[in-house]
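Peer 1: Predicted model and sequence follow; I will ask about them next.
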Amino acid sequence: MMSVKFEIYVEDKDARFHCSEEQRLLHAMQAQGLGSIPVGCKGGGCGICRIQITQGEYETRKMSRTHVTEEDERHGIVLSCRVTPKSNLSLRLAPRPKETSESAA
Ligand code: FES
């Protein structure tokens, strides 16, 4: 039986790749030779692959609260190395806000 391939659309880059429901988004993207989402540890530890899913259904593995807060999760923010799609998805990059002190801008 062939597994379903969903279409994943990266809004910021106007790029598309395919991902089955057994694959993590980040791994599928990389397997197709794309670099639309920044790749780091691929294991949920660094937070560099943070994205916001704007459309579609998905399932997440456990994610560190250091990288994705409960509030983030409510807004569809996830680590792309910890997410598998359940439908076609549309997403945008959601790099972590810089923890700088540029308060006097
Ligand atoms: S690549 Fe490090 S958390 Fe996803």
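Peer 2: All right, it came through fine. Numbers count the residues shown, from 1 in each chain.
Peer 1: Could I get the pLDDT score of R96?
Peer 2: Predicted confidence (pLDDT) for R96: 74.
Peer 1: What count of nearby residues applies to it?
Peer 2: 14 (other CB atoms under 10 Å). For glycine as for every other residue, the C-beta is placed from the backbone atoms N, C-alpha and C.
Peer 1: That one touches Q52, doesn't it?
Peer 2: No - using CB atoms under 8 Å as the test, R96 is too far from Q52 to be in contact (11.8 Å).
Peer 1: Would you mind listing what in the chain touches the ligand?
Peer 2: Neighbours of the ligand within the chain, by CB under 6 Å from any ligand atom: 39-42, 44-49, 79, 81.
Peer 1: make it 5 Å
Peer 2: 40-42, 44, 46, 49, 79, 81 (CB under 5 Å from any ligand atom).
Peer 1: Can I get those in a markdown table including neighbour count and secondary structure?
Peer 2: Supplementary listing: the residues of the chain next to the ligand in a markdown table, determined by neighbours: other CB atoms under 10 Å; DSSP: H, G, I helix; E, B strand; the rest coil:
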| residue | neighbour count | secondary structure |
| --- | --- | --- |
| G40 | 16 | coil |
| C41 | 12 | coil |
| K42 | 17 | coil |
| G44 | 20 | coil |
| C46 | 18 | coil |
| C49 | 26 | coil |
| L79 | 28 | strand |
| C81 | 27 | helix |
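Peer 1: ok but L34 is inside a helix, no?
Peer 2: No - membership of L34 in a helix is not supported by DSSP: H, G, I helix; E, B strand; the rest coil, which gives coil.
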